[in-house]
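Q: Turn this into a structure:
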Amino acid sequence: MGANVNLALEQLKMNGVRMTPQRHAILSYLMDSMSHPTADEIYKALSPAYPSMSVATIYNNLRLFVEARLVRELTYGDGSSRFDSDLSDHYHAICKNCGSIVDFAYPPLLEVEQAASLVTGFVVEGHRMEIYGICSTCNSSN
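A: Residues are numbered from 1 along each chain as shown. This is a model prediction of the structure:
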């Protein structure tokens, strides 16, 4: 279990959240996953080991993790939510064919926040950028 999972568990305990085996499994899966899974994908991955876990349990815990700012919810035009435990400033490249999501960093975009703040007077809390295209796997299979 990674240090990030331990830190997250400590943060939840400090907020009075009881750590159940299911909650631990969901959080660990999210923190180990680079695929930005949906709640259904998490359910399919964990249900063999936790047969009593329901999709509702997954959703309820994901909401809890989002509220605790341990996980970021990514919503897209198709109405599906994906969940990302990487809270660093980064962006997503999304394949229009298979739906895979790849993280990338591009620090100069933080200057856009500074410019927006200067021009508008807003206290900027963040921004989001998505790049759409065809991933290398789908592109090479065509």
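
Q: Okay, now the unreliable bits of this protein?
A: Applying pLDDT under 70 to the chain flags the ranges 1-3, 77-78, 142.

Q: do you know how far Tyr50 is from Asn4?
A: Distance of Tyr50 to Asn4, computed by Cβ to Cβ, to the nearest Å: 21 Å. In short, each C-beta sits where N, CA and C put it, glycine included.

Q: got it, and Gly99?
A: From Gly99 across to Asn4, the span is 25 Å (Cβ to Cβ).

Q: neighbours around the residue nearest to Phe65 when sequence neighbours are not counted, how many?
A: On the basis of Cβ to Cβ, 6 or more residues apart in numbering, the spatially nearest residue to Phe65 that is not a chain neighbour turns out to be Val71, at 4.0 Å. Burial of Val71 is recorded as 23 neighbouring residues (other Cβ atoms under 10 Å).

Q: For Val71, give me its contacts.
A: The neighbours of Val71, taking Cβ atoms under 8 Å, 6 or more residues apart in numbering as the test, are 30, 62, 65, 83-85.
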